[in-house]
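Q: Need the 3D shape of this:
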Amino acid sequence: MKLAILGLAFLVAAAQTNYTDHPRGCIYDDSGHCMRECEEGTHSYGSGCGPVMSEPTCEQPTPKVESGNTCDFFACYCDAPTVRNKASKKCVKLEDCGGLL
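A: Residues are numbered from 1 along each chain as shown. Reported below is the predicted structural model:
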């Protein structure tokens, strides 16, 4: 019982830390530790344990749900209305994709 309460307290503290210390979110390791904060202009995306939604890119501006379930997937996705330019790895406005559409 003590172990369950300790685990719950840890999860609550971790959830509060995520929003307070890392407002854009983090990329987490397998043990739930923040490895790095998402850079400005991006936000943390996680699939939980289900299908992953692709990040909007210059080539594919409309996100698609990938097949299968993935657990503990975290990435920094571009904030709307920007999309990821795969060549530069930067977030850009769709109209700045340079003829890729």
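Q: any idea how far S47 is from D30?
A: According to C-beta to C-beta, to the nearest Å, S47 stands 15 Å off from D30. Quick note: C-beta positions are derived from backbone N, CA and C, even for glycine.
Q: ugh, wrong one, V65
A: Distance from V65 to D30, by C-beta to C-beta: 24 Å.
Q: What of N85?
A: 30 Å.
Q: and V65 and D30? which has more neighbours close in?
A: Neighbours were counted for V65 and for D30 using other C-beta atoms under 10 Å; V65 has more, 11 against 6.
Q: where are the low-confidence patches of this protein?
A: Applying pLDDT under 70 to the chain flags residues 1-24, 99-101.
Q: The most centrally placed residue in it bridge partners, please.
A: The centre of the chain sits closest to Y45, judged by C-alpha atoms, centre = their mean, with a distance of 2.2 Å. Y45 forms beta bridges with A75, as assigned by DSSP bridges.
Q: can you tell me which residues contact it?
A: When contacts are counted by C-beta atoms under 8 Å, 6 or more residues apart in numbering, Y45 touches 25, 53, 55, 74-77.
Q: Swap in 10 Å and give it another go.
A: 25, 27, 38, 52-55, 63, 73-78 (C-beta atoms under 10 Å, 6 or more residues apart in numbering).
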